[in-house]
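1. Sharing a model that was predicted from the sequence below.
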Amino acid sequence: MDALAPRTAGVAPSLPVAKPQLDLELRDIRKKYGDFTAVDGVSLKVPKGQFVCLLGPSGCGKTTTLRCIAGLEDPDDGGVLIGGKEVTRDPPWQRDIAMMFQDFALFPHMTVAKNVAFGLEMLKQPKARIAERVAQVLASFEISALADRKPGSLSGGQRQRVALARAMITEPRLLLLDEPIGALDYSLRETVMLELKLLQQRTGISFIWVTHDQNEAFSLGDLVVVMNHARIEQQGTPEDILQRPATAFVASFIQGNNVFRGTVLERAGGNVRIETAAGVFIVPCLGASPEIGATATFSVRAENISDTVSERHPNRLTAHCTAVEYFGAVRRHIFERADGEVLKVDHFGAQAARIAPGQSVLLGWQVEDTVLHQGIPG
């Protein structure tokens, strides 16, 4: 795999250690189409060698953000820096990037080898060098046997490898990917995701990946950036986003969270008591200090709710089970709360089933499993 080894620069021992450059920095990017705001003040810093997933619902601004990074759209305001260099008004071919689209955009009239060589030919590399690099990269992606075939004769997985090889052959600082596995069969996605993660780690190239699929984002991302209404709602590690959603939107958008809305009754130590239509619950503040009488939202994950309630579970409610769903190793119970909202409770599928549709069950969870949200409740 030496053909795709990380690029390094030697530094003389006597020289001072340079401050590490960011692979990507977005500074307050804004983009409008007429009266529609597609990107509204997006700022982001990506250290070297990161796998970044832009996650959010359709129309949230993630693809427009990617296109601004690529130079396919000019932001109305703000700056784009790649490797510490200002590139906001530079064309795509001057940005040290490569881009891979969902449909792979392979040239149907070219062989696999010619598709892979295209980027180097555009850079006017010597023919001998191009041939050498193409052979190396085809071998790295295990597609040497496909060199003389055309894209129309390849499977979806094979076409993806060709598209990746074509993107990576120029050794860009950033690889931009817009829902690149959306066209693949579900059974192939897990294999391809693992290959891509290993490729990114091996090369040290930062990947910026746009997706609406949470499983992709949390499986692949070193940094997950959740977008909503043209802005970044929260950014952090997958664990941060899953376990500590910062806002009501993030908690509602990320699967497995139960969101409650209510009014702050009182503060006691590091906790607040919040009255909701489903009951009164104790919620840790963790730095926040909501005023008494203020509206507030909080959430608890489905796997943290227990049907074997004890003194460890001061937050309690009784709910009516309406359905049981199966998600691989997880058995999800769907309850109706007293306020009419849905409550999700997850058990591992290997456990014996204890709850059936039609039952009313006392449920509870620990105070520390409750997450208070920031900002104005959604």
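-> On my side now, so go ahead.

2. For the least confident helix or strand in the chain by mean pLDDT, which residues meet the burial criterion?
-> Scoring the helices and strands of the chain by mean pLDDT, DSSP states H and E places helix 186-203 at the bottom, with a mean of 81. Using 16 or more other CB atoms under 10 Å as the test for burial, helix 186-203 gives Arg189, Val192, Met193, Glu195, Leu196, Lys197, Leu199, Gln200, Thr203. In this view, the C-beta of every residue, glycine as well, is placed from N, C-alpha and C.

3. Put together TSV for those, with distance to Val283 on each row.
-> Output for those, formatted as TSV (distance: CB to CB, whole Å):
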residue	distance to Val283
Arg189	37
Val192	41
Met193	35
Glu195	42
Leu196	39
Lys197	36
Leu199	42
Gln200	38
Thr203	44
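
4. Now Asn215, what are its backbone angles?
-> The phi and psi values for Asn215, taken as degrees, to the nearest 10, are phi -60, psi -40.

5. and it, how many neighbours?
-> 12 (other CB atoms under 10 Å).

6. so which of the buried residues of helix 186-203 comes closest to Gly349?
-> Arg189 (21.3 Å; CB to CB).

7. what's the spacing between that closest one and Leu199?
-> Per CB to CB, to the nearest Å, Arg189 is found 15 Å from Leu199.

8. cool, Leu177 as well?
-> On the measure of CB to CB, Leu177 and Leu199 end up 11 Å apart.

9. and what of Thr111?
-> Counting by CB to CB - Thr111 and Leu199 are separated by 23 Å.

10. Same question for Cys60.
-> 27 Å.

11. Show me where the stretch 1-150 of the chain dips below the pLDDT cut-off.
-> 1-20 (pLDDT under 70).

12. so where do the helices sit in it?
-> 62-70, 112-122, 127-140 (DSSP state H, counting those that start in this stretch).

13. which one of those helices has the most crowded surroundings?
-> Mean neighbour count (mean count of other CB atoms under 10 Å) peaks for helix 62-70 among the helices of the stretch 1-150 of the chain, with a mean of 23.

14. So which elements touch that helix?
-> Packing partners of helix 62-70 (3 or more CB pairs under 8 Å, 6 or more residues apart in numbering; DSSP states H and E): strand 24-33, strand 36-46, strand 51-55, strand 77-82, strand 97-100, strand 174-178, strand 206-211.

15. give me the beta-bridge partners of Leu175?
-> Beta-bridge partners recorded for Leu175 (DSSP bridges): Ala98, Phe207.

16. Looks like it contacts Ala98 (just checking).
-> Yes - with contact defined as CB atoms under 8 Å, Leu175 counts as touching Ala98 (5.3 Å).

17. What are the buried residues along stretch 296-314?
-> Quick answer for stretch 296-314 (16+ other CB under 10 Å): 296-307, 309, 313.

18. okay, those in a markdown table with distance to Thr276 and pLDDT next?
-> Below are these laid out as a markdown table (distance: CB to CB, whole Å; pLDDT from 0 to 100):
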| residue | distance to Thr276 | pLDDT |
| --- | --- | --- |
| Ala296 | 9 | 94 |
| Thr297 | 9 | 95 |
| Phe298 | 9 | 96 |
| Ser299 | 12 | 97 |
| Val300 | 12 | 98 |
| Arg301 | 17 | 97 |
| Ala302 | 17 | 97 |
| Glu303 | 21 | 95 |
| Asn304 | 17 | 97 |
| Ile305 | 15 | 97 |
| Ser306 | 19 | 96 |
| Asp307 | 20 | 95 |
| Val309 | 18 | 94 |
| His313 | 17 | 97 |
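
19. check contacts around Lys124.
-> Under the criterion of CB atoms under 8 Å, 6 or more residues apart in numbering, Lys124 has no contact partners.

20. how about 10 Å then?
-> Ile130 (CB atoms under 10 Å, 6 or more residues apart in numbering).

21. if I look at it, how far off is Trp93?
-> 12 Å.

22. and what of Pro108?
-> The gap separating Pro108 from Trp93 is 22 Å, by CB to CB.

23. more crowded one of those two?
-> Trp93 (12 against 8).

24. Not counting its neighbours along the chain, what's nearest that one?
-> Met122 (7.1 Å; CB to CB, 6 or more residues apart in numbering).

25. For stretch 210-222, give the mean pLDDT please.
-> For stretch 210-222, the mean per-residue pLDDT is 92.

26. Could you tell me the end-to-end distance of it?
-> 14 Å (CA to CA, to the nearest Å).

27. tell me which residues in that stretch are buried?
-> Val210, Thr211, His212, Asp213, Gln214, Glu216, Ala217, Phe218, Ser219, Leu220, Gly221, Asp222.

28. My read is that Gln136 contacts Leu120, right?
-> No - applying CB atoms under 10 Å as the test, Gln136 and Leu120 come out as separate, 11.4 Å apart.
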